[in-house]
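1. Coordinates for the following, if possible.
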Amino acid sequence: MDSTAAEPSNDPSGTSGTSRASGEPHRLDPAGGCPHADNARLLARGAVASVVLPGGVDGVAVLGHEALKEFLAHPQVAKNAGHFTALREGRIAPGWPLATFATVRGMTTADGDDHRRLRSLVSKAFTVRRVEELRPRVEELTEELLDDLERAARDGGGVADLRAHFAMPLPMGVIGELLGVDAEFRERLHHLSSQVVATDIGPERALAANRELMAVLGAVVEARTERPGDDLTSALIAARDEGGDRLTHEELLGTLVLMIIAGHETTLNLITNAVRALCGHRDQLARVVRGEAGWADVVEETLRWDAPVSYFPFRYPVGDLTVDGTVIPGGTPVLAGYSAAGRDRAAHGPDADLFDVTRPAGPGAARHLSLGHGAHYCLGAPLARMESAIALERLFTRFPGLDLAVPEADLARSASFVGNSVQTLPVRV
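-> Predicted structure coming up:
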């Protein structure tokens, strides 16, 4: 694969002497939907695709596994929105549904020393050792939520929404306790997080959701300022109040936004998608029950086969950049196409569309990129993996006959091309 910085073009269109992604730009559907059919069509044309974002904003998606792997770690690719040409030139309208991904102040929009500084402030809470110390609490909370799921099913004539009663409150409860977010705020924060990751939201609602999100987080910070504890928010407040350049107030709020959204939305989708996959592939569930594969294998195969994040915004080439033979003009907003890369046959073989919990993951086998790659690799990956494996094991041990209460085709998809899952998951327990 060729992924090198190209000389900036003197042609204002950015096309002179360059090779562009073939075919008409793909217009991403703001309403979301299942991404896999579109991904397959785009991958058949190449590893890089021109896309049209909401509001008619031109962008690019990197879809191929190898192309994405190299792009994510390329030294000429930035996260800071100062490199986003259309935003810098004032061509992005207020209330643009993807604005938070570009403008929030935190790790995911920082480069170099700023990124390392911000990441270091929270990284100790997500080490493998610290995550393992959380295991007893995750197991305890899982059992409590399974009781809630059973009660909800009993009250609902045998049917309950697994997403609302189990898959969401587990990661939200864990990240809430890590951050010191009082229980009274968590349901509202989940609702507002869903608004932030929605791509079909109008400008007025987008602006209102962001204002309210900052207000709720301001209340969280105020509560922890008055009653500091052994939690991450209290530690961030202390870093802010030390003075110097460790953390600004805007970065404190931005870090909380990222921790809350990334800390529960991704795991929520991962658990939901894994349950859907196992219910739709009972032979694979039987393999796990027989011990031919572990629950950790289910988690990894779900991450590959039905990534919880489909197109993640944004990265920006700092100058014209050639990726797999295609030039991406500098300043273009680029989406990481995780769901497409997970089913790229060039990396995962001719059976990449098949869900197989015994799929080889050792030397010589391509490892999925669904938790990122390079300096911005998901900080919470160990926690997400642990939560999901515990949740699935306890769920199917408690309810071995658990199954979907409606056909898979009837499940309403999330209204986002960023997140990849369904809005509800009615199950019979």
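
2. Sketch out the low-pLDDT regions of this structure for me.
-> 1-23, 244, 362-365 (pLDDT under 70).

3. Let me see the contact set for the residue minimising distance to the centre of it.
-> By Cα atoms, centre = their mean, the chain has its centre lying nearest to residue 309, at 4.2 Å. If you count contacts by Cβ atoms under 8 Å, 6 or more residues apart in numbering, residue 309 has them with 266, 269, 338, 339, 370, 418, 419, 420. Just so you know, the C-beta spots here come from the backbone N, C-alpha and C atoms, and that holds for glycine as well.

4. what sits opposite it in the beta ladder?
-> Per DSSP bridges, residues listed as beta-bridge partners of residue 309: residue 419.

5. Return the member of the contacts of residue 309 nearest to residue 51.
-> Residue 51 has its nearest neighbour among the contacts of residue 309 in residue 418, at 12.7 Å by Cβ to Cβ.

6. Just the strands from this structure, written as ranges.
-> For the chain, the strands defined by DSSP state E cover 3-5, 26-27, 48-53, 57-62, 77-78, 159-161, 311-317, 321-323, 326-328, 334-337, 403-404, 426-428.

7. could I get those strands as CSV with mean neighbour count and distance to residue 231?
-> Below are the strands of the chain laid out as CSV (neighbours: other Cβ atoms under 10 Å; distance: least, Cβ to Cβ, whole Å):
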stretch, mean neighbour count, distance to residue 231
strand 3-5, 16, 41
strand 26-27, 15, 43
strand 48-53, 22, 36
strand 57-62, 23, 37
strand 77-78, 22, 32
strand 159-161, 20, 29
strand 311-317, 24, 27
strand 321-323, 22, 40
strand 326-328, 24, 41
strand 334-337, 26, 30
strand 403-404, 16, 37
strand 426-428, 20, 33
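
8. quick one: which of these is nearest residue 412?
-> strand 426-428 (10.7 Å).

9. one step back: going by neighbour count, which of the contacts of residue 309 are buried?
-> 266, 269, 338, 339, 370, 418, 419, 420 (16 or more other Cβ atoms under 10 Å).

10. Skip the chain neighbours and tell me the closest residue to the second one.
-> On the basis of Cβ to Cβ, 6 or more residues apart in numbering, the spatially nearest residue to residue 269 that is not a chain neighbour turns out to be residue 308, at 3.4 Å.

11. same deal with the last one?
-> Distances taken as Cβ to Cβ, 6+ apart place residue 310 nearest to residue 420, at 3.9 Å, with adjacent residues excluded.

12. Quick one: end-to-end distance for stretch 356-373.
-> Across stretch 356-373, the terminal residues are separated by 23 Å (Cα to Cα, to the nearest Å).

13. quick revisit: pretty sure the residue nearest to residue 420 sits against residue 339.
-> Yes - counting by Cβ atoms under 8 Å, residue 339 is a contact partner of residue 310 at 4.2 Å.

14. Show me where the stretch 1-150 of the chain has its helices.
-> 36-45, 65-72, 85-88, 99-103, 112-123, 128-133, 135-155 (DSSP state H, counting those that start in this stretch).

15. can you list contacts of the first one?
-> Residues from elsewhere that reach helix 36-45 (Cβ under 8 Å, 6+ apart): 21-23, 26, 49, 61, 63-64, 337, 339-340, 343-345, 353.

16. Of the helices of the stretch 1-150 of the chain, flag the one that's most buried.
-> Comparing the helices of the stretch 1-150 of the chain by mean neighbour count (mean count of other Cβ atoms under 10 Å), helix 65-72 ranks first with a mean of 23.

17. before we move on, back to that, of the helices of the stretch 1-150 of the chain, give the one that comes closest to residue 291.
-> helix 135-155 (20.3 Å).

18. which residues are contacting the closest one?
-> 159-162, 165-166, 169-170, 173-174, 177, 386-387, 390-391, 394-395, 398-399, 427-429.

19. Quick check on those: which are buried?
-> By neighbour count, with 16+ other Cβ under 10 Å, these hold 159-162, 165-166, 169-170, 173-174, 177, 386-387, 390-391, 394-395, 399, 427-429 as buried.

20. which residues in the stretch 201-350 of the chain form helices?
-> Using DSSP H, counting those that start in this stretch, helices in the stretch 201-350 of the chain cover 203-226, 232-241, 249-280, 282-289, 295-305, 338-342, 345-348.

21. Now do the longest one against helix 112-123, angle only.
-> The one in question is helix 249-280. Per axes from the mean of the first three to the mean of the last three Cα atoms, to 10 degrees, the angle that helix 249-280 makes with helix 112-123 is 70 degrees.

22. Helix 249-280: which residues count as buried?
-> 251-279.

23. How about the last one?
-> Of the residues in helix 345-348, 347, 348 count as buried by neighbour count, 16+ other Cβ under 10 Å.

24. got the contact list for it?
-> So helix 345-348 is in contact with 43, 64, 65, 66, 304, 341, 342, 352, 359, 366, going by Cβ under 8 Å, 6+ apart.

25. How much space separates the nearest residue to the fifth one once chain neighbours are set aside from residue 45?
-> Once flanking residues are discounted, residue 304 sits nearest to residue 368: 3.8 Å by Cβ to Cβ, 6+ apart. In this structure, residue 368 and residue 45 are separated by 22 Å, where distance is defined by Cβ to Cβ, to the nearest Å.

26. repeat for residue 101
-> 25 Å.

27. again, but for residue 262
-> Counting by Cβ to Cβ - residue 262 and residue 45 are separated by 31 Å.

28. now do residue 324
-> 12 Å.

29. do the same with residue 298
-> According to Cβ to Cβ, residue 298 stands 32 Å off from residue 45.

30. what bridges to residue 78?
-> On the basis of DSSP bridges, residue 78 is bridged to residue 316.

31. thinking it is in contact with residue 109, fair?
-> No - counting by Cβ under 8 Å, residue 78 does not reach residue 109; the two are 9.5 Å apart.

32. Spell out which residues are contacts of both of these two.
-> When contacts are counted by Cβ under 8 Å, 6+ apart, residue 78 and residue 109 have no shared neighbour.

33. ok, back up a step: settle this for me: the residue nearest to residue 304 is touching residue 300, isn't it.
-> Yes - contact criterion Cβ under 8 Å: residue 368 and residue 300 qualify, at 7.0 Å.
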